[in-house]
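> take this sequence and fold it.
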Amino acid sequence: MLKPNQKSKSSKKSQVEKMFDSISFEYDLLNGIMTFNSHKRWKKNILNIAKKLKPKNALDIATGTADIAINLGAISNCKVIGVDISEQMLNVGREKITKMKLGKSVRLESGDAENLNFKDNYFDLVTIGFGVRNFQDLEQGLRESFRVLNKEGTLIILETSIPENIIMKLFYSIFTRTYIPVVASIFSKDKSAYNYLLNSAEFFPSGSRFSDILKSVGYANILIKPKLFGSSTIYVCKKK
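As a prediction, the model looks like this:
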């Protein structure tokens, strides 16, 4: 399994696709166990932010099994598209959408975050949940989100982060290096996938460093909202 700091970027996209295909049917279960179901609350936070914006159309990038896209489907008169490179993850999401009878407001399609198949200035809202750290080219992926957003449109990102508090950072390190590998070894057929996700979280430039990257792409009015002592963070910003 390629580690996120290795230079062989050309294979990262296909690596991520295969990895998520391999863990698609266990992903929701393990995500709940590993975050003590906190991820559901954070995704509801995204919905609460989005509701105030009253978007008419929204794009959920790296939608995975479509939790965020499904949440956004609850917004009145809003059409939602979720895109992901993993067809197996999308299939799990499609089953959820069918069971919840949300087919008229939410649809899923295969798509590359760094080469989106949508017109410029098309969406009122773009969301990305636990996906940006898997981009092959982080800045290019963010530029594509910027391109498809309407002027004054909003980007909301939920991503893992490292706590800044020294004590919490130590606790986080111990937790992630013990609890998560144990859970993965018990429940997952692909332990290397969770090793990758763990490593990618450590290498991701979270907090103010990520805010600086968002500014360099062109985003403004950036809000940083740490969750669970800074182990995850919601970023909210505008296209100006």
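> for the residue nearest the centre of the chain, name its beta-bridge partners.
Closest residue to the average C-alpha location of the chain: G129 at 2.1 Å, with Cα atoms, centre = their mean. Note on G129: beta-bridge partners by DSSP bridges are L158.
> verify the contact between it and S232 for me.
No - counting by Cβ atoms under 8 Å, G129 does not reach S232; the two are 9.8 Å apart. C-beta coordinates here come from the backbone N, C-alpha and C atoms, glycine included.
> chain center to the worst-scoring helix or strand of the chain on mean pLDDT, what's the gap?
Across the helices and strands of the chain, mean confidence by mean pLDDT, DSSP states H and E is lowest for helix 191-203: a mean of 84. Counting by Cα atoms, centre = their mean, to the nearest Å, helix 191-203 is centred 15 Å from the centre of its parent chain.
> picking that back up, L170 versus the residue nearest to the centre of the chain, what's the distance?
For G129, the distance to L170 equals 27 Å [Cβ to Cβ, to the nearest Å].
> one more: K18?
34 Å.
> still on that earlier bit, and the least confident helix or strand of the chain, which residues are buried?
Neighbour counts over helix 191-203 (16 or more other Cβ atoms under 10 Å) mark A193, Y194, Y196, L197, L198, N199, S200, A201, E202 as buried.
> now do the shared contacts for G129 and S232.
Common neighbours of G129 and S232 (criterion: Cβ atoms under 8 Å, 6 or more residues apart in numbering): L158, E159.
> now the strands for the chain?
Along the chain, counting by DSSP state E, strands occupy 57-61, 79-84, 106-110, 123-129, 149-160, 219-227, 232-239.
> contacts only, for the residue lying farthest from the centre of the chain.
Distance to the chain centre peaks in the chain at I167, reaching 26.6 Å (criterion: Cα atoms, centre = their mean). Contact criterion Cβ under 8 Å, 6+ apart gives no residues in contact with I167.
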